[in-house]
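In: No letters, just coordinates:
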């Protein structure tokens, strides 16, 4: 009788822990989902929220311009916004379950509209 009374709470704790891990593992969504070429800055904010970083580009050197074009960024971009879900890795169980996985999106603007975006993904697994 005593063994059963000890095992019951342990089973409940294990079941709750498994449910929590499963829930946290499914909680990740890529940042900046739904952004499309041609959207205005206001539309991007409405879809993806405010970016974590903004960079206004002035005159770009020929070397930097060639590097950006090789990465798929069109000529003439004037601003870059960055989105990331790296902060989720600060949640201990989430970071461990997802292998410190992060998704990053750079959104490139030309004349106030989305010209291109590049997504990167990485982590331990």
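Out: Cool, the structure landed. In this text, all values refer to a predicted model and were calculated from it rather than measured experimentally.
In: Could I get the buried residue list for the helix or strand in which residue 119 is found?
Out: With secondary structure defined by DSSP states H and E, residue 119 is part of strand 113-122. Taking 16 or more other CB atoms under 10 Å as the basis for neighbour counts, the residues of strand 113-122 that come out buried are 114-117. The way it works is simple: take the backbone N, C-alpha and C, and place the C-beta from them, glycine included.
In: the helices in this structure, which residues?
Out: Secondary structure of the chain by DSSP state H: the helices cover 2-25, 41-48, 62-70, 92-97.
In: Need the pLDDT of residue 74.
Out: Residue 74 is assigned 79 on the pLDDT scale.
In: so how many other residues sit close to it?
Out: Counted by other CB atoms under 10 Å, the residues lying close to residue 74 total 12.
In: contacting residues for the nearest residue to it once chain neighbours are set aside?
Out: By the measure of CB to CB, 6 or more residues apart in numbering, the closest residue to residue 74 outside its immediate chain neighbours is residue 115, 5.0 Å from it. Residues counted as contacts of residue 115 (CB atoms under 8 Å, 6 or more residues apart in numbering) are 37, 73-74, 76-77, 108-109.
In: So which of the residues you listed belong to strands?
Out: Cross-referencing the contacts of residue 115 against strands under DSSP state E gives 108-109.
In: Show me just the buried residues among the contacts of residue 115.
Out: The neighbour-count criterion (16+ other CB under 10 Å) marks 73, 77, 108-109 among the contacts of residue 115 as buried.
In: so which of those would you say is closest to residue 54?
Out: Using CB to CB, the shortest approach to residue 54 within the buried ones among the contacts of residue 115 belongs to residue 109, at 9.7 Å.
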